[in-house]
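Enquirer: This is a predicted model, with the sequence first.
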Amino acid sequence: MTERQAHSPATNGNGNGNGNGNGNGNAHPSLARSKSLSGRQQQQQQQQAGNAASSTTAPSVRRSASQRGPPPTARRPSFVPGSLTPAGLTPTSELYNAVPAPPPHLRSDSVLAPSPLATLDSAVDDSQNEQPRIVRPQPLAATPGQSFYGGGGFTALPEGSPISSPYNSAPASRRSSFVSHPHASGPRPPVIRRRDSSASGYGYPEQLGAGQVFVDVDPIATPSMLSRAGSPTLPLMTQKTASRSSSRRGSVADGVRPGFGFGGGFGGGFEMSSMMDRNQKEEEFVGSIDCGTTSTRFIIFDKYAKIICEHQTEYPQHYPHPNWHEHEPQDLVDSVTECIERAVEKLEFLGYSASSVKCIGITNQRETTLCWDKQTGKALCRAIVWDDARTVSLVREFQKKLDEEGLPAGEGEQEVTDYAQTARELKNEIQSKAVDAATNLLSNLDVQFHGNASPVPNETRPEAGQSGSVTTSQEASSTPTITSDASIQPDAKRRKKGKDALVDVTGLPLSTYFSAIKLKWMVLHHRDVREAYEQDRMAFGTVDSWLLYNLTGAADGGVHAIDVTNASRTLLMSIKTLQWYDPLLRFFDLKPSILPRIVSSSEVYGNIKGGPLDGIPVAGMIGDQQAALVGNKCLSKGEAKNTYGTGSFVLFNTGQEVVRSENGLISTLAYQLGPKAKATYALEGSIAVAGSAIKWLRDQVGLIGDSSEMDALCGHVKDTGGVYFVTAFSGLLAPYWDPNAGGMIVGLTQYSTSAHIARATLEAVCYQTRAVLDVIEKESGVRLEELKVDGGVTNSDLAMQIQADIGGFRICRPAMRESTALGSALLAGSAVNLFGWDLTNPDTLKEVNTEEAMYFEPILPEIKRLKQIKGWEKAVERARSWHTNEQEDEDEAEYERQLEEEEKRRTEGLVSPGEAAQREKE
Ligand SMILES: Nc1ncnc2c1ncn2[C@@H]1O[C@H](COP(=O)(O)OP(=O)(O)O)[C@@H](O)[C@H]1O
Ligand SMILES: O=P(O)(O)OC[C@H](O)CO
């Protein structure tokens with residue numbers, strides 16, 4: 001199976017989809033299968049059923065409320081005080097224990113009543129499974145530089161096609177998932193032409209020269225017209241009919257209109273030269289771009305959060321060195337272009353006008369750092385991805401600076417959380433200076449000193465918890481010799497040192513994870529970036545900023561903004577004022593001129609320029625994990641969700657309070673529902689590796705051919721046979737925060753098989769999730785009864801059962817779990833008052849995503865659970881501090897050396913192999 005098929009119409013995820021998303025609840029999961037299963041699928045399914053029947057950990061799955069009566073307990077709050085035992089549990093006889101639910105991709109009654117799109121997707125050849133290959137619909141007719149879609153059937157994309165990727169190693173990023181209906185008559189599908197967007201030519205790091213290793217993982221087209229997690233939704237056919245807007249029709253009919261944006265922006269994408277020519281229905285929909293770590297999807301929702309259509313595509317991952325992870329910025333833009341184009345084609349194919357999409361939202365992988373040239377709109381280097389850990393030694397340098405110099409307070413800054421301690425420190429400092437000053441005066445001027453040697457009377461010191469600044473500066477100023485001392489000027493007086501200084505302002509620890517440190521690295525190490533920075537041409541942004549900029553025109557007036565949730569991950573924003581914080585900029589020595597404007601998560605930022613959604617407002621922007629919180633409707637304090645995507649992120653809504661964790665959680669912005677709205681905050685447990693470990697098994701180890709094979713492989717064994725896999729690919733984040741931890745598979749014996757290792761991979765994220773939730777329970781004083789989940793890994797029934805077992809709580813997996821995309825759609829809709837959605841009034845969302853959910857109950861005996869957790873903790877201890885500072889310093893030195901060599905070659909007129917290739921191309 002390919003990822004694509006895992007996301008096909010069969011990918012209902014709960015085995016009960018019925019094609020219209022209502023859930024029919026009529027069948028045992030094993031019975032609710034598609035007629036169209038391939039022989040291989042059936043074989044797999046039977047094998048899995050057989051395996052799991054003998055397994056002690058067959059998923060303990062229960063159907064949702066809508067199918068099996070009322071839910072076991074009130075859904076919210078997810079965290080309820082009291083026992084772990086869920087109230088009102090359905091008796092085990094009602095659980096689907098005997099035969100496990102087949103993997104989601106094998107369960108699809110949805111295709112029994114196929115939508116036109118379902119039929120289209122089913123046309124995908126199963127033979128793609130093993131070896132991803134480029135598939136294209138047969139050209140109807142081809143003129144030079146054009147490729148036509150239509151007719152059905154597939155053909156390999158010819159070499160040198162204008163649609164081919166600039167990256168020879170990874171052409172599949174451009175693979176289309178759009179499959180024309182084989183029997184389609186009437187509307188001619190659009191002609192799409194991709195311009196060849198030239199290779200980056202950034203210089204290094206790609207051109208580091210001989211010996212450099214980088215891995216470009218060949219991406220697999222994972223697109224689908226239907227959600228990987230949700231069931232297909234047939235369009236409502238009762239809407240009024242409208243012609244395409246004449247301006248749009250005119251603009252595309254001439255075939256020369258550029259795609260999105262201008263110049264280097266979305267203009268690198270497609271050109272539309274014909275469109276379906278028929279009357280189309282005008283409806284009201286909202287679109288959402290979800291640009292995750294591995295793929296982009298554009299989903300069009302209706303008012304009930306039913307997916308009308310979508311398109312998804314993976315893009316190449318670049319791992320040029322150990323611990324490095326990069327994206328090509330133009331790939332992100334192109335993937336968005338492609339997804340919008342294709343999704344809108346599907347929308348039109350379904351008979352709706354593109355103008356039915358009233359607004360769109362953007363949600364994105366967070367912390368990933370980009371910078372571009374404001375004049376050209378072009379990226380200056382590759383994006384450094386959030387889980388890239390090249391900056392370990394830079395972090396160490398800044399940690400030292402923080403410990404020794406502290407963080408300067410802002411002008412007029414009044415808030416110093418731990419000011420009692422600061423006051424004490426200042427008092428000591430002032431006292432000793434006062435004594436020195438007095439001694440000097442006495443000795444130099446020979447004046448009798450009668451005053452109080454201490455300028456800070458004890459009784460005037462503020463008490464802890466009292467608001468206001470430390471007032472010692474005023475008192476100190478009464479002693480001229482002291483106030484004249486530059487070292488205790490007001491700014492310097494409130495310096496706080498150590499990690500608390502940063503956490504107080506940003507909610508974040510100093511780590512390779514956050515943007516400022518990646519940005520600093522780019523400025524320090526990348527020639528083009530440094531030049532642009534020095535010449536004030538450089539713009540910094542996270543993925544939301546980059547996409548917004550490109551969608552709204554790039555160098556031709558593109559909006560340079562960042563949403564507050566993304567800004568809260570940069571280490572440059574105060575989470576209290578929601579503004580860039582000058583002392584942080586000074587601490588990292590970064591110019592304010594590079595920064596985007598901070599905006600709320602729900603407002604109109606600008607309108608799309610070009611493409612099929614020309615003129616449509618972009619009205620929602622939010623980091624993907626926060627988006628999933630919103631999409632899961634966790635809008636009240638105490639509600640939590642976990643998203644298992646590339647990484648895994650638990651977010652716990654703490655309302656309008658910034659809650660500070662003492663045990664490794666991050667305080668972060670959850671959302672801000674408009675420019676004037678108060679911010680809502682969350683505690684977050686960030687786990688760096690979840691789906692990426694599965695991807696690693698697929699791409700680097702070759703243990704599986706597709707993520708959806710995990711359940712079948714793991715189904716061969718009932719446990720890991722004592723194997724633990726600490727997936728510390730780039731250190732460990734929450735709750736351990738050890739940048740030096742090393743990835744480790746321990747407990748191997750001759751008995752161990754690939755199935756044990758695969759199972760240990762699934763368990764790894766579940767243990768880490770358990771550890772994060774332990775902290776949340778400890779700090780909030782409430783026990784978790786149920787966890788709402790979403791994200792790619794939740795497609796694995798087995799992973800969810802393991803999570804329930806290791807966690808000791810119930811897992812609630814919604815049928816439609818494109819929660820991330822839904823979150824940004826809700827924010828966008830809410831901003832323009834679409835569908836009456838108003839996120840400040842959850843009642844307005846009552847009808848949103850009410851489809852059934854699937855529940856996984858813990859069945860592992862407590863004693864076994866605790867024993868396994870103990871084993872995990874032992875493994876983590878072994879993995880800790882694996883890498884040494886010396887090694888990192890050596891790596892850094894080696895890199896510096898390569899840079900110098902590169903620079904030398906450049907100045908001497910010699911060119912690197914990368915540059916040579918680029919020149920040849922030009
Ligand atoms: N059936 C499955 N079983 C286990 N993991 C899966 C399955 N399907 C997808 N995944 C994993 O989900 C991840 C993608 O999830 P997604 O939410 O799309 O991530 P992101 O938003 O980070 O790109 C991939 O790393 C993939 O390995
Ligand atoms: O790509 P995801 O969905 O794992 O999300 C990545 C996070 O936003 C990183 O903080």
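Expert: Received the coordinates, thanks. Ligands and ions are numbered 1, 2, ... in the order given.
Enquirer: Point out the residues in the stretch 301-450 of the chain that sit beside ligand 2.
Expert: Q365, R366, E367, W386 (Cβ under 6 Å from any ligand atom). All C-beta spots, glycine's among them, are computed from the backbone N, C-alpha and C.
Enquirer: Could you pull up the contacting residues of the residue of the stretch 701-850 of the chain found nearest ligand 1?
Expert: Closest approach between the stretch 701-850 of the chain and ligand 1, counting by Cβ to the nearest ligand atom: G792, at 2.1 Å. Going by Cβ atoms under 8 Å, 6 or more residues apart in numbering, G792 touches R228, Y644, G645, G691, S707.
Enquirer: For Q801, see how far away it is.
Expert: Taken as Cβ to Cβ, to the nearest Å, the spacing of G792 relative to Q801 amounts to 17 Å.
Enquirer: Can you name the two of the residues of the stretch 301-450 of the chain next to ligand 2 that sit furthest apart?
Expert: Pairwise distances among these were taken by Cβ to Cβ; the largest, 7.5 Å, belongs to Q365 and E367.
Enquirer: and for the two, which residues touch both?
Expert: W386.
Enquirer: re the thing from before, return the subset of the residues of the stretch 301-450 of the chain next to ligand 2 lying in helices.
Expert: Per DSSP state H, helices hold no members of these.
Enquirer: CSV please, covering these and showing pLDDT and distance to D699.
Expert: Formatted as CSV, those follow (pLDDT from 0 to 100; distance: Cβ to Cβ, whole Å):
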residue, pLDDT, distance to D699
Q365, 97, 18
R366, 97, 23
E367, 96, 22
W386, 96, 19
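Enquirer: got a winner among the residues you listed for most neighbours?
Expert: Within these, R366 tops the neighbour count with 29 neighbours, counted by other Cβ atoms under 10 Å.
Enquirer: Specify the beta-bridge partners of the closest residue to that residue other than its chain neighbours.
Expert: Nearest residue to R366, sequence neighbours excluded (Cβ to Cβ, 6 or more residues apart in numbering): G623, at 4.0 Å. Assessed by DSSP bridges, G623 has beta-bridge partners N364.
Enquirer: In this structure G623 contacts I562, no?
Expert: No: between G623 and I562 there is no contact under Cβ atoms under 8 Å: 10.0 Å.
Enquirer: Need the residues touching each of the two.
Expert: T542, D544.
Enquirer: So which residues on the stretch 701-850 of the chain come close to ligand 1?
Expert: Counting by Cβ under 6 Å from any ligand atom, the residues of the stretch 701-850 of the chain that sit close to ligand 1 are S707, S708, M710, G791, G792, V793, N795, S796, A799.
Enquirer: export those residues to TSV and tack on pLDDT?
Expert: As requested, those are exported to TSV (pLDDT from 0 to 100):
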residue	pLDDT
S707	95
S708	95
M710	96
G791	93
G792	93
V793	95
N795	95
S796	96
A799	97
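Enquirer: pLDDT below threshold where in the stretch 201-350 of the chain?
Expert: Residues of the stretch 201-350 of the chain meeting the criterion pLDDT under 70: 201-278.
Enquirer: For the residue in it positioned nearest to ligand 1, give me its contacts.
Expert: Closest contact between the stretch 201-350 of the chain and ligand 1, by Cβ to the nearest ligand atom, is at G292 (2.3 Å). For G292, the contacting residues are N364, Q365, D624, G645, T646, T820, by Cβ under 8 Å, 6+ apart.
Enquirer: And it, how far from G645?
Expert: Using Cβ to Cβ, G292 is found at 6 Å from G645.
Enquirer: what about the closest residue to P612 other than its chain neighbours, how many neighbours?
Expert: Leaving aside its sequence neighbours, P612 sits nearest to V344 (Cβ to Cβ, 6+ apart; 4.2 Å). Around V344 there are 26 other residues, counting by other Cβ under 10 Å.
Enquirer: Next: E405.
Expert: 13.
Enquirer: Could I get the full set of helices for the stretch 251-400 of the chain?
Expert: Using DSSP state H, counting those that start in this stretch, the helices of the stretch 251-400 of the chain run over residues 329-349, 392-404.
Enquirer: close to ligand 1, is the longest one?
Expert: So that's helix 329-349. No: looking at helix 329-349 against ligand 1 by Cβ under 6 Å from any ligand atom, there are no contacts, and the closest approach is 11.0 Å.
Enquirer: tell me what that helix is packed against?
Expert: Helix 329-349 sits against helix 116-122, strand 270-272, strand 285-291, strand 295-301, strand 307-314, helix 543-551, with contacts defined as 3 or more Cβ pairs under 8 Å, 6 or more residues apart in numbering; DSSP states H and E.
Enquirer: In this protein, where's the longest helix?
Expert: Under DSSP H, the chain gives helix 754-780 as its longest helix.
Enquirer: Pull up the pairing partners for the helix or strand that that one is followed by, direction included.
Expert: Sequence-wise, the next helix or strand downstream of helix 754-780 (DSSP states H and E) is strand 783-784. Taking DSSP bridges as the criterion, strand 783-784 forms sheet pairs with strand 79-80 (antiparallel).
Enquirer: nearest residue to the residue in the stretch 201-350 of the chain that ligand 2 sits nearest to other than its sequence neighbours?
Expert: In the stretch 201-350 of the chain, the residue that lies nearest ligand 2 is T293 (3.3 Å; Cβ to the nearest ligand atom). With sequence-adjacent residues excluded and distances taken as Cβ to Cβ, 6+ apart, T293 is closest to T646, at 3.7 Å.
Enquirer: How about E404?
Expert: Using Cβ to Cβ, 6+ apart, the nearest residue to E404 is K497, at 7.3 Å.
Enquirer: was I right about the one you found contacting D403?
Expert: Yes: look at K497 against D403 with Cβ under 8 Å: they come within range, at 5.9 Å.
Enquirer: All set, thanks.
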